[in-house]
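[1] Next input, structure requested:
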Amino acid sequence: MKYYFKFKSFLPLIVIFIIIMALVLVKAMAVNNFSTASMMLDFMAGFFLVFGAFKVAKLSAFAEAYQMYDIVAKRSKLYAHIYPFIEIALGLAF
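    Sure, this is the predicted structure:
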């Protein structure tokens, strides 16, 4: 029974990964390009965009938590606040 609760806590993350993979497959079918490299780049773009958006949604809480474990963010609060936007920019660049 305890494994059910662990799985249940990861369910939103699993659903997000499935949605990103579905979008990657739809895009691959639309452009008729099923190369692994192209699909990996599309997945990374989706990953950065989705999780960057989650971080921007609660920016101050993310920055505060991020400063606890990131070396650069410990020294620069500005970097901790800018990081989610860097992640979104990377997603757009992919």
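[2] which residues are in contact with stretch 41-53?
    Contacts of stretch 41-53 from elsewhere in the structure, counted by C-beta atoms under 8 Å, 6 or more residues apart in numbering, are 16, 20-21, 23-24, 27-28, 84-85, 87-88, 90-92, 94. The C-beta positions use only the backbone N, C-alpha and C, and glycine is treated the same way.
[3] ok, and the most crowded of those residues?
    P84 (22 neighbours; other C-beta atoms under 10 Å).
[4] Report how many residues lie close to the residue nearest to F94 when sequence neighbours are not counted.
    Excluding its sequence neighbours, the residue lying closest to F94 (C-beta to C-beta, 6 or more residues apart in numbering) is A45, at 3.5 Å. Counted with other C-beta under 10 Å, residues neighbouring A45 total 19.
[5] A89 too?
    Count around A89 with other C-beta under 10 Å applied: 14.
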